[in-house]
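Undergrad: Turn this into a structure:
(one chain, ligands or ions: 1)
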Amino acid sequence: MTDYDPAENSRKSYDVAIDAMREKLASFRCERIHDATLYLGDCREILPLLPRVDACITDPPYGNANHDGDYNASLNEHRGIENKPIANDTAETMREVVDAMLAAVVNLMPKAASAGCCFWGGGGGPTPVFAWLANRMDQKGLQFFHSVIWDKRNPGLGQRYRRQHEMIMVAHKAGGRILWNEDDRLVPNIRSMMPPRERSHPNEKPVELLLDVVGTHSRANSVVLDPFMGSGTTGVACAKLGRKFIGIELEPKYFDIACKRIDDAYRQPRLFKDEPPKPKQEALI
Ligand SMILES: C[S@@+](CC[C@H](N)C(=O)[O-])C[C@H]1O[C@@H](n2cnc3c(N)ncnc32)[C@H](O)[C@@H]1O
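TA: Numbers count the residues shown, from 1 in each chain. Model prediction:
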């Protein structure tokens, strides 16, 4: 009879579990483009299989049923963007996928320093979603830290309070601290820039905005994750800044666009050799 060795037994169980996770991850379509790894599939299935990440910088469905035959959808048709609703964009499905994403992402982050930056539509209504998100971040093991305003410079469609801003909700792992590129940098919390004129996704964000957010909340060797990658703007910023990137997208059409945009970004010269330039603090008076 052989002696039972609990340490050996738990090592074997661990190896079996890791092999099973690797096998499951390998069942998803995966494209590796330089330092970017892109998965096609549902982030709820893929996130639990991923290794550690330093920052999650993402832009989930807003829960507004965007592009569901609305005026924007018909405008976008002229830009060549398919008139099709964004996946999981109803008030209920958005809450399900965002809750699952937060719960999974918190397990991937180191306690010491991490950053979770989540875009959200600003404005009001009886259940303002940015307030719901700050609360859910706190409930799911993150700690809400700050909101940054993206001023789009032009009011959106509609009457009376026409939305001109989106919010970027910034959090870190509870009990840890926020990951900064440099600890002592002065960072303004309003960013003013127009949405991209040319776009291949109805919710595409300006690359400059993602350069700013990724450049502020990651360092040269950081791994940045975007579980709702869309057309891959976060990945484009990571390619330009020299960050490692993991992206997930459910829709094959947007996944293919992201692959192409990130590949193109790697073919262009990098913006910065090591670190992005520091934003200048304007004179106070
Ligand atoms: C607001 S858009 C992101 C746009 C992106 N920031 C860009 O610049 O193109 C959200 C994306 O999440 C994707 N999505 C929705 N549910 C998903 C899920 N469960 N897993 C992965 N992606 C999902 C949608 O298909 C959509 O492309």
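
Undergrad: Against residue 116, how distant is residue 143?
TA: 9 Å (Cβ to Cβ, to the nearest Å). Bear in mind the C-beta positions are built from the backbone N, C-alpha and C, glycine included.

Undergrad: okay, and the common contacts of the two?
TA: Shared contacts of residue 143 and residue 116, defined by Cβ atoms under 8 Å, 6 or more residues apart in numbering, are found at 137, 171, 172, 173.

Undergrad: so which two of these are the farthest from each other?
TA: Longest distance between any two of those is 10.3 Å, between 137 and 173; criterion Cβ to Cβ.

Undergrad: Overlap in contacts, the two.
TA: Listed as contacting both residue 137 and residue 173 by Cβ under 8 Å, 6+ apart are 116, 143.

Undergrad: Could you list which of the shared contacts of residue 143 and residue 116 also contact the ligand?
TA: Filtering the shared contacts of residue 143 and residue 116 for proximity to the ligand by Cβ under 6 Å from any ligand atom leaves nothing.

Undergrad: how about those residues in JSON lines, adding neighbour count and secondary structure?
TA: Shown next, in JSON lines, are the shared contacts of residue 143 and residue 116 (neighbours: other Cβ atoms under 10 Å; DSSP: H, G, I helix; E, B strand; the rest coil):
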{"residue": "137", "neighbour count": "23", "secondary structure": "helix"}
{"residue": "171", "neighbour count": "28", "secondary structure": "strand"}
{"residue": "172", "neighbour count": "23", "secondary structure": "strand"}
{"residue": "173", "neighbour count": "23", "secondary structure": "strand"}
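
Undergrad: between those residues, which is closest to residue 10?
TA: Distance to residue 10 across the shared contacts of residue 143 and residue 116 (Cβ to Cβ) is lowest for residue 173, with 26.0 Å.

Undergrad: residue contacts, the closest one?
TA: Counting by Cβ under 8 Å, 6+ apart, residue 173 has contacts 106, 109, 110, 111, 114, 116, 141, 142, 143.

Undergrad: who does it bridge with?
TA: residue 142 (DSSP bridges).

Undergrad: The protein: strands as residue ranges?
TA: Secondary structure of the chain (DSSP state E): strands located at 29-33, 36-40, 55-58, 113-121, 142-151, 165-173, 177-178, 190-192, 223-226, 244-249.

Undergrad: Name the residues that touch the second one?
TA: Outside of strand 36-40, the residues that reach it under the criterion Cβ under 8 Å, 6+ apart are 25, 28-32, 46, 229, 232, 235, 238-239, 244-250, 252, 255, 258-259, 262, 266.
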